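Trainee: coordinates only, sequence not included:
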């Protein structure tokens, strides 16, 4: 894996990786995720997200996936860009809105129709983009590479939320785990030495899917 420096000079920052590399990882992960979701046969089964069934999660995935090609096709945004780390830090404040939108989408159509929309959205993601563009998003103007890191995080974390957790694409998992280390480095850098070496274990603890290691309990979850 290519090494990249970050603002702290210690951990690689995935937003500094080439956009083509991030796009390829995102595409692989979302194609993998769409395939795993299509294999679900019980839409009322609980996921690892409290209160969300497989159908609720499908609704959320359609919301997220359809925004990818749509956002990448938008004209560049004006205004000062927002960091994906600020977006991640504000995740808890958007939880109620995300929950409502997921439920609305889940109720808007039968799962078979939503699966068609999910597949169409993933297939509609371009394989070539302007990596330097600043994109208009619901979070504010977001640089393309930051947007890709955000969507990689969504794809990895929600794949792990499935009743049969989906093992992520290796590069997508690395982006996700490294971004979460970056987020921790911005608030509690002294705790980085306690981050689990196992990337899946770290992602699940950092996003509130599993209990955190004792040494990190006061700082986690970073995303919930």
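Mentor: Yes, it's here. As the structure is a prediction and not an experimental result, all values here were calculated from the model.
Trainee: which residues of the chain fall in helices?
Mentor: 19-38, 54-72, 84-89, 95-108, 111-123, 144-161, 170-187, 199-206 (DSSP state H).
Trainee: now the fifth one, how far from the centre of its chain.
Mentor: The gap between where helix 111-123 is centred and where its chain is centred comes out at 18 Å by C-alpha atoms, centre = their mean, to the nearest Å.
Trainee: Just the buried positions in it, please.
Mentor: For helix 111-123, burial by neighbour count (16 or more other C-beta atoms under 10 Å) applies to 111, 114-115, 117-119, 121-122. For the C-beta atoms, the positions are set from N, CA and C on the backbone; glycine is no exception.
Trainee: For that helix, name the packing helices and strands.
Mentor: Helices and strands touching helix 111-123, by 3 or more C-beta pairs under 8 Å, 6 or more residues apart in numbering; DSSP states H and E, are helix 19-38, helix 54-72.
Trainee: wait, which of those is closest to residue 45?
Mentor: Of all the helices and strands packed on helix 111-123, helix 54-72 sits nearest to residue 45, with 5.1 Å by C-beta to C-beta.
Trainee: Give me the angle between the closest one and helix 144-161.
Mentor: Put simply, helix 54-72 runs at 170 degrees to helix 144-161, going by axes from the mean of the first three to the mean of the last three C-alpha atoms, to 10 degrees.
Trainee: In this structure, where is pLDDT below threshold?
Mentor: Confidence mapping of the chain against pLDDT under 70 gives the ranges 1-11.
Trainee: please redo it, this time with the cut-off set to 50
Mentor: For the chain, the stretches flagged by pLDDT under 50 are 1-9.
Trainee: Closest one of the buried residues of helix 111-123 to residue 136?
Mentor: Using C-beta to C-beta, these come closest to residue 136 at residue 121, 17.8 Å.
Trainee: What's the separation between the closest one and residue 100?
Mentor: For residue 121, the distance to residue 100 (C-beta to C-beta, to the nearest Å) stands at 20 Å.
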